[in-house]
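**Student:** Here is the input, now give the coordinates:
(chains A and B)
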Amino acid sequence: DAGVIQSPRHEVTEMGQEVTLRCKPISGHDYLFWYRQTMMRGLELLIYFNNNVPIDDSGMPEDRFSAKMPNASFSTLKIQPSEPRDSAVYFCASSLRAGATNEKLFFGSGTQLSVL
Amino acid sequence: SQQGEEDPQALSIQEGENATMNCSYKTSINNLQWYRQNSGRGLVHLILIRSNEREKHSGRLRVTLDTSKKSSSLLITASRAADTASYFCATDANWGRRALTFGSGTRLQVQP
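**Tutor:** You can find the predicted model right below:
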């Protein structure tokens, strides 16, 4: 298995532009998570899905952020409009059916986002 | 806020020495996990310990859990230069949000 696949690996954009991050979870995993990592705030959970349904989006910073999971093999995290404070590494992770916390997470390599 | 906090924030040791990292958390948990992150990469799961377990081993890793003190430790024995990475504990609160919350991490540098 190729693991969790994220794209792009790096994204540089200007303030106000729309940014779309993509994630393909491991096949058969029912849970998908989006995390954001910064030096100041560490790893923060943004949102997670179970069977393509958003379960908890309380970590999404504001309305500028949105996430979708149209099918079991694809998810997007969109920022519109982007701001410099959104600069961070965004990770996607997936886990098996046993539950959101009883199983280990498999992380993608992340997307390094820089908003100028 | 962070559920788990690691201590120390940074640790530098010589190859062959043991490295101990600690994690404290605030609320009751179902399990606690440790992850490693190499520079520029995603996190990799190392070990999971359940709330009814006190100690667990995996290769050169030894994890302890003290639920009365709300703390855990990760011991890496006979460290190698390849162990250089950041190490994070992650907890699931057994209430509310049912997703892992990560600590701030310990940066381990193993000098060859």
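
**Student:** Show me what from chain B comes close to chain A.
**Tutor:** B:2, B:30-31, B:33, B:35, B:41-45, B:48, B:88, B:90, B:92, B:97-105 (C-beta under 8 Å from any C-beta of the partner chain). To be clear about C-beta, it is placed using only N, CA and C from the backbone, and glycine gets the same treatment.

**Student:** go again using 6 Å as the cut-off
**Tutor:** For chain B, the residues found near chain A under the criterion C-beta under 6 Å from any C-beta of the partner chain are B:41-43, B:45, B:92, B:97-100, B:102, B:104.

**Student:** want to try JSON lines for these, with secondary structure and neighbour count as columns?
**Tutor:** What follows is those, written out as JSON lines (DSSP: H, G, I helix; E, B strand; the rest coil; neighbours: other C-beta atoms under 10 Å in any protein chain shown):
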{"residue": "B:R41", "secondary structure": "coil", "neighbour count": "13"}
{"residue": "B:G42", "secondary structure": "coil", "neighbour count": "22"}
{"residue": "B:L43", "secondary structure": "strand", "neighbour count": "29"}
{"residue": "B:H45", "secondary structure": "strand", "neighbour count": "17"}
{"residue": "B:D92", "secondary structure": "strand", "neighbour count": "23"}
{"residue": "B:R97", "secondary structure": "coil", "neighbour count": "17"}
{"residue": "B:R98", "secondary structure": "coil", "neighbour count": "18"}
{"residue": "B:A99", "secondary structure": "coil", "neighbour count": "22"}
{"residue": "B:L100", "secondary structure": "coil", "neighbour count": "29"}
{"residue": "B:F102", "secondary structure": "strand", "neighbour count": "24"}
{"residue": "B:S104", "secondary structure": "coil", "neighbour count": "18"}
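
**Student:** Just give me the neighbour total for A:S58.
**Tutor:** Residues contacting A:S58 under the criterion other C-beta atoms under 10 Å in any protein chain shown number 9.

**Student:** Next, count neighbours for residue 15.
**Tutor:** No chain in the question, so chain A it is. If you count neighbours by other C-beta under 10 Å, A:M15 ends up with 12.

**Student:** Correction: the question concerned chain B.
**Tutor:** In terms of burial, B:E15 registers 14 neighbours under the definition other C-beta under 10 Å.
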